[in-house]
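Asker: Build me a model from this:
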Amino acid sequence: MFRISTATGIIAAAILSLPLHAQAQQADSPERSADTTTAPDDENAALRAELEAARAELEALKRQAPEGATAAPISTDTAPTDADDIPAIELAAGEPRDAALVAGVVADAPGAPTDPVLRTRLHDLLVQGVCAPDALAQVQDPINRQTLLALMTRLPRC
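Answerer: Residues are numbered from 1 along each chain as shown. Below is the predicted model:
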């Protein structure tokens, strides 16, 4: 049904023989194939040695720790909820933002603080022109990335 021209046949044969040609070249040069097979082994040995050194260091640190010592507990509190407990930190502020716009964005932001004191503090900082990451860091620890994304995309830049 299909006729293959002589030129097409030659090209097809050349393409099909390329993998065989590459294998033949590798077989002809044993030093080249030896280099490629020892390199991963050397790298694996180096990684194993590094792993063993790290394990030994960890064991040494465990022996140095007093008996019964445990890691310090991680605080799950996000921030103080009393307005007097919130430290007044001097933050760089840009252009003031529209209060109504900020109120709408904060209300719609996923993961925004639910505590009224923290929400008000966030609103006030954003209205003053404080950058969203800095304002959010004042009321959340760690910062909620979804909240930050919502604030940064919907508010004018600082």
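
Asker: moving C-terminal of the top helix by length along the chain, what's the next helix or strand?
Answerer: Scanning the chain for the longest helix, with DSSP state H as the assignment, gives helix 30-64. Remark: after helix 30-64, the chain's next helix or strand is helix 99-108, criterion DSSP states H and E.

Asker: What are the buried residues along the longest helix of the chain?
Answerer: Buried residues in helix 30-64, counted by 16 or more other CB atoms under 10 Å: none are found. Where C-beta positions appear, they are placed from N, C-alpha and C, glycine not excepted.

Asker: Now do that helix: which elements does it pack against?
Answerer: helix 6-28 (3 or more CB pairs under 8 Å, 6 or more residues apart in numbering; DSSP states H and E).

Asker: for the record, mean pLDDT for the helix it packs on?
Answerer: Helix 6-28 shows a mean pLDDT of 53.

Asker: now swap in stretch 51-64 and tell me
Answerer: 82.

Asker: okay, it in PDB with CA atoms only?
Answerer: Extracted C-alpha coordinates of stretch 51-64, given in PDB (Å, rounded to 0.1, in the frame of the first residue of the first chain):
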ATOM      1  CA  LEU A  51      24.900   9.300  56.800                       C
ATOM      2  CA  GLU A  52      27.000   7.300  59.300                       C
ATOM      3  CA  ALA A  53      28.800  10.500  60.500                       C
ATOM      4  CA  ALA A  54      25.400  12.200  61.000                       C
ATOM      5  CA  ARG A  55      24.100   9.200  62.900                       C
ATOM      6  CA  ALA A  56      27.200   9.100  65.100                       C
ATOM      7  CA  GLU A  57      26.800  12.800  65.800                       C
ATOM      8  CA  LEU A  58      23.200  12.400  66.800                       C
ATOM      9  CA  GLU A  59      24.000   9.500  69.200                       C
ATOM     10  CA  ALA A  60      26.700  11.700  70.800                       C
ATOM     11  CA  LEU A  61      24.300  14.500  71.300                       C
ATOM     12  CA  LYS A  62      21.700  12.100  72.800                       C
ATOM     13  CA  ARG A  63      24.400  10.900  75.300                       C
ATOM     14  CA  GLN A  64      25.200  14.500  76.200                       C
END
